[in-house]
Structure formats: C-alpha cells, structure tokens
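Engineer: Give me coordinates for this.
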Amino acid sequence: MIVHLKFNFQKKIIGLLLCIAISSTEVLAQQFQFTDNCQKAYKAYMSMRNAEGRAYLLKELRVNKNNFMPIVLFNYDDFISLTFNEDPKEYKLRKPQFDKRLKLIESADANSPYYLFSKGLLYFQWSAIQIKYADYWNAAWDFRRAFLIFKENKKKYPDFAYNNIFIGAQEAVISTIPNGYKWISKIFGMKGNMKNGMGLLYSFIRSKQPYFNEEAFLYFIYLKNYLENDVEGAYSLIKDNHLDTKNNQLFAFMEANLSLNNKNAKNAETVLLNRNTSNDYIPFPMLDYEMGDAKLRKLDYSAVQYYERFIKKFKREFLSKRCML
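Structural biologist: Numbering: from 1, shown residues only. Modelled structure (predicted):
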C-alpha cells in the first residue's frame with residue numbers, strides 16, 4: 001500500500017512537470033538536450049540509484065521546460081526497476097507510462113536525430129521489460145519497431161553514433177535465430193549479422209562518445225560472453241576499461257554473473273562483498289541470489305541466509321522456489 005501511494009505521488013509530480021513542458025508557448029522549440037542534469041541522471045540510473053536520477057530530471061525540467069531529454073530518461077526508471085526486480089504489480093502500475101511518454105516525444109522536434117532515436121529507445125527497453133513478464137507477443141513487435149526505427153534514423157543521420165549501440169545489439173541477437181526460422185525475421189524486415197552487430201558496438205565504445213557508454217559496455221560485454229563465448233575478452237573489457245563495479249550495481253551484477261557462469265565463484269564473491277551497499281540504491285534481490293550461489297559453490301553454509309533474503313524480497317516464483325530446494 002505504501003509503495004503504491006509513493007508511486008502515485010511520484011507519478012503526479014512527473015505528470016505535472018511533463019504537462020508544463022508540452023504546454024509551453026515560448027518561441028523555443030521542444031528540443032533534446034543532454035544537459036549536465038541529464039548526464040548525471042543517466043549515470044545515476046545506470047548505477048541503480050533511481051531516486052537520484054529522478055531528482056536530477058525534475059531539477060532539469062524546472063529550469064529547462066523545453067528539454068525533452070528528461071522524458072526519455074524517465075523511462076530508465078521503469079527499465080531498470082522492472083527488468084531487474086521483476087515485480088508483476090509494479091509492472092502493471094508502470095506499463096501505462098510507455099504510451100504517455102511516446103505521445104510526449106512525438107510532440108518534440110522531429111528534425112533532431114534524437115527524435116527517432118528516443119522512440120526507438122522506448123520500444124527497445126519495453127521489449128526487454130515485456131520479455132521479463134512473459135508478454136512475448138508485444139515484446140516481439142516492440143523489438144521489431146525499435147529495430148526499424150533505429151535503422152531509419154541511421155539512414156537519416158549516418159553520423160549519429162548512438163544508433164550503433166542498439167542496432168549493433170539487435171543485429172547480434174537476431175543473428176542467433178536458428179536457420180530454420182530466419183525466414184520469419186526476414187518477413188518482418190529484420191536481418192542480423194553477428195560480426196557486423198558486434199563491430200558496431202565495438203566501434204562505438206572505441207569512439208569514446210560522451211553519452212550512453214555504460215549501456216554500450218553492458219550490452220557488448222554480455223554479448224561477447226554469451227554469444228561469442230569469449231570469456232576472457234569479456235573480463236578484459238571490464239578490467240581494461242576500469243568499469244566501476246563498486247559504485248555501479250549493474251556492473252557489479254554483470255561481473256558477478258559472468259564469474260558464476262564461468263565457474264569463478266571466488267571472484268563473484270569478491271565483487272559482491274566490495275560493492276557499495278548504501279541506501280541510495282534501489283533494492284536488488286538478485287545480488288543476494290548471486291551471493292548465495294557463490295557461497296554454495298564453495299560449500300559455505302552461509303549461502304542459506306542470502307537465499308532467505310532473496311526469497312523475502314523477490315516477487316517472481318521460479319527463482320524463489322529454486323532457493324527453497
């Protein structure tokens with residue numbers, strides 16, 4: 001009940017500020033500006049400090065009501081929370097926000113490379129969210145919409161580097177479709193090539209663009225490990241680029257996850273023990289699950305307490321039941 005009231009209160013504040021943004025009668029066009037507040041909000045969200053991210057975006061809208069980038073970045077609040085915490089009740093509460101944000105973005109400056117990019121980003125993130133909640137039909141359609149929108153944007157703005165993050169990730173995933181089913185992806189206008197997809201992601205990382213780097217690393221490292229089976233390459237990317245696994249919960253989760261899947265429970269435990277555990281981060285029960293797995297693989301009985309913590313916090317049944325076995 002408290003969570004529901006809190007979410008409704010936040011939604012009203014955000015809704016009010018967004019209404020101010022779209023109803024402005026000033027001469028300035030509705031633009032996409034990745035300001036300092038927006039950069040700080042993005043980094044906060046990608047570290048799973050959602051409250052901090054919201055605070056920066058609300059601050060930005062108060063001083064720059066013509067900026068549409070906060071509307072795009074508010075979607076990270078849903079993307080991070082719903083993808084990693086998998087709470088079905090939260091999913092139902094937050095799902096209507098997608099259409100509202102999309103409608104707002106469609107009223108922005110259509111001549112900006114961020115216009116189509118932002119629409120593609122929303123569809124991409126919600127396709128990932130919907131997969132988590134077994135809404136596979138809508139997830140597939142939104143994945144396709146995102147792919148086609150990013151492709152269209154790349155055609156219009158070939159030098160807009162941020163398209164490459166998502167086109168690259170999607171092409172790599174599409175390339176894994178079994179040969180017997182590739183005709184389906186072709187009918188839907190989606191062709192994927194692993195080498196090309198990974199190349200786009202790698203070229204983006206090497207170009208050292210100012211925005212969206214955390215996301216590019218996250219996708220590239222996971223794909224390198226799971227699709228290319230390049231375990232050493234994935235670890236090298238984390239170490240060589242000095243990714244902050246202490247203060248970034250997503251990076252900590254990623255390295256621990258890769259370690260567990262590659263039979264390195266000791267490293268997983270070290271990463272999880274060294275991470276920042278302040279209350280600035282949203283609850284992330286999967287970290288308890290990973291620690292439980294790391295302890296169990298070392299035959300450490302304290303694994304039980306981590307599994308118990310996970311069971312109390314996590315809302316989906318399948319992993320909770322596994323912990324009870």
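Engineer: Let me know the secondary structure of residue 48.
Structural biologist: State at residue 48, reduced to three classes by DSSP: H, G, I helix; E, B strand; the rest coil: coil.
Engineer: ok, now which ones touch it?
Structural biologist: Counting by C-beta atoms under 8 Å, 6 or more residues apart in numbering, residue 48 makes contact with 80, 84, 248-250, 281-282, 284. C-beta: built from backbone N, CA, C; applies to glycine.
Engineer: Now, of these, which are buried?
Structural biologist: Using 16 or more other C-beta atoms under 10 Å as the burial test, the contacts of residue 48 include 80, 84, 248-250, 281-282, 284 as buried.
Engineer: okay if I get the residues you listed as JSON lines plus secondary structure, distance to residue 41 and pLDDT?
Structural biologist: Listed next are the buried ones among the contacts of residue 48 as JSON lines, based on DSSP: H, G, I helix; E, B strand; the rest coil; distance: C-beta to C-beta, whole Å; pLDDT from 0 to 100:
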{"residue": "80", "secondary structure": "helix", "distance to residue 41": "12", "pLDDT": "96"}
{"residue": "84", "secondary structure": "helix", "distance to residue 41": "18", "pLDDT": "89"}
{"residue": "248", "secondary structure": "coil", "distance to residue 41": "15", "pLDDT": "97"}
{"residue": "249", "secondary structure": "helix", "distance to residue 41": "16", "pLDDT": "96"}
{"residue": "250", "secondary structure": "helix", "distance to residue 41": "15", "pLDDT": "96"}
{"residue": "281", "secondary structure": "coil", "distance to residue 41": "15", "pLDDT": "96"}
{"residue": "282", "secondary structure": "coil", "distance to residue 41": "14", "pLDDT": "95"}
{"residue": "284", "secondary structure": "coil", "distance to residue 41": "19", "pLDDT": "93"}
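Engineer: As TSV, those residues with distance to residue 66 would be great.
Structural biologist: Formatted as TSV, the buried ones among the contacts of residue 48 follow (distance: C-beta to C-beta, whole Å):
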residue	distance to residue 66
80	26
84	32
248	31
249	33
250	31
281	32
282	30
284	35
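Engineer: can I see the domain layout of this protein?
Structural biologist: According to automatic domain parsing, the chain comprises the domains 2-241, 242-325.
Engineer: and the last one, how far from the chain's centre?
Structural biologist: Looking back up the chat, that one is domain 242-325. 19 Å (C-alpha atoms, centre = their mean, to the nearest Å).
Engineer: Likewise for stretch 211-229?
Structural biologist: Its chain's C-alpha centre and that of stretch 211-229 lie 12 Å apart, by C-alpha atoms, centre = their mean.
Engineer: Report the buried residues of it.
Structural biologist: Neighbour counts over stretch 211-229 (16+ other C-beta under 10 Å) mark 211-225 as buried.
Engineer: And the contacts of that stretch?
Structural biologist: Identification of contacts with stretch 211-229 by C-beta under 8 Å, 6+ apart yields 34, 39, 42-43, 46-47, 162, 165, 168-169, 172-173, 176, 194, 197-198, 201-202, 204-205, 230-231, 233-234, 237-238, 241, 243, 248, 250-251, 254, 258, 261-262.
Engineer: Just the buried residues of those residues.
Structural biologist: The neighbour-count test (16+ other C-beta under 10 Å) marks 34, 42-43, 46-47, 162, 165, 168-169, 172-173, 194, 197-198, 201-202, 204-205, 230-231, 234, 237-238, 243, 248, 250-251, 254, 258 as buried among those.
Engineer: Among these, name the ones in strands.
Structural biologist: In strands, defined here by DSSP state E, there are no members of these.
Engineer: which ones among those are found in helices?
Structural biologist: Counting by DSSP state H, the part of those found in helices is 42-43, 46, 165, 168-169, 172-173, 194, 197-198, 201-202, 204-205, 231, 234, 237-238, 250-251, 254, 258.
Engineer: thought residue 245 was touching residue 252?
Structural biologist: Yes. Residue 245 lies in contact with residue 252 (C-beta atoms under 8 Å); the separation is 4.5 Å.
Engineer: ok, these two, which is more surrounded?
Structural biologist: More neighbours surround residue 252 than the other of residue 245 and residue 252, with 25 against 22 (other C-beta atoms under 10 Å).
Engineer: ok now do the more buried one, which residues does it touch?
Structural biologist: For residue 252, the contact set (C-beta under 8 Å, 6+ apart) comprises 245-246, 271-272, 275, 287.
Engineer: So, low pLDDT: which residues of this structure?
Structural biologist: 1-30, 181, 183, 187, 315-325 (pLDDT under 70).
Engineer: How about the secondary structure of residue 120?
Structural biologist: At residue 120 the chain is in helix, as set by three-state DSSP.
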